[in-house]
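A.B. asks: here's a sequence, model it:
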Amino acid sequence: MAQLYFYYGAMNAGKSTTLLQASFNYRERGMRTMLWTAAVDDRAGVGRIGSRIGLEAEASSFATDTDLFAAIAAAGNPDCVLVDEAQFLSASQVEQLAAVVDRLDIPVLAYGLRTDFQGQLFAGSQRLLALADKLVELKAVCACGRKATMNLRVDAQGRPVMHGAQTEIGGNDRYVAVCRRHFSEAFAA
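C.D. replies: Model prediction:
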């Protein structure tokens with residue numbers, strides 16, 4: 001029976017790498033995967049999933065108005081759907097993915113951040129936390145050695161950024177994965 005999975009973690013936890021490995025495992029067994037990524041995140045190129053260790057793959061892009069259920073249903077029954085940058089899904093898109101699992105019996109593996117740079121849940125992550133059959137935390141490491149659970153936005157000089165839009169695309173140049181203690185200390189300074 002198909003299930004909805006949410007693999008979440010801070011920046012640098014290996015979410016995209018794990019997604020690409022899962023897709024490879026399905027394809028190696030002759031199964032068809034359908035990959036999705038957020039159109040807003042073009043760091044690896046539009047319609048591409050890229051990991052920090054150099055793995056990449058083509059993917060369909062979703063925008064806020066993309067009907068994922070209709071697109072997946074029209075794709076001819078892939079064996080698995082994998083979604084990168086799942087924090088950028090809308091609540092209704094997460095519900096569409098749950099319908100893919102429940103009505104089409106296709107497993108969906110969603111990978112994304114749990115919280116933003118202010119420690120607030122993203123809409124997609126919030127709905128995935130509520131609806132997913134399986135929640136899996138992928139671990140990142142803070143500079144102090146503790147588990148990093150937070151994403152600290154930094155400026156060009158490495159100073160914490162406390163205000164701004166929830167979504168600002170960036171990698172190691174804009175975000176640092178930190179433990180809760182160091183996140184709190186950065187906001188208190």
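A.B. asks: just checking, what packs against the least confident helix or strand in the chain by mean pLDDT?
C.D. replies: The weakest-scoring helix or strand in the chain, judged by mean pLDDT, DSSP states H and E, is strand 48-50 (a mean of 75). Secondary-structure packing of strand 48-50 (3 or more C-beta pairs under 8 Å, 6 or more residues apart in numbering; DSSP states H and E): helix 15-28, strand 33-38, strand 56-58. C-betas here are computed from N, CA, C, even on glycine.
A.B. asks: what sits against the most centrally placed residue in the chain?
C.D. replies: Among the residues of the chain, the one closest to the centroid is Gly112, at 1.9 Å (C-alpha atoms, centre = their mean). Shown in contact with Gly112 (C-beta atoms under 8 Å, 6 or more residues apart in numbering): 6-8, 15, 83-89, 122, 124-125, 128.
A.B. asks: can you count the residues close to Gly9?
C.D. replies: 23 (other C-beta atoms under 10 Å).
A.B. asks: what sits against it?
C.D. replies: 15, 113-114, 137-140.
A.B. asks: contact partners for the closest residue to Leu55 other than its chain neighbours?
C.D. replies: Computed as C-beta to C-beta, 6 or more residues apart in numbering, the closest residue to Leu55 that is not its neighbour in sequence is Leu20, at 4.6 Å. Neighbour list for Leu20: 49, 51, 55-57 [criterion: C-beta under 8 Å, 6+ apart].
A.B. asks: run the last query once more with 10 Å
C.D. replies: Counting by C-beta atoms under 10 Å, 6 or more residues apart in numbering, Leu20 makes contact with 14, 35, 49-51, 53, 55-57, 59, 82, 84, 111.
A.B. asks: Gly54 is in what secondary structure piece?
C.D. replies: Taking DSSP states H and E as the definition, Gly54 sits outside all helices and strands.
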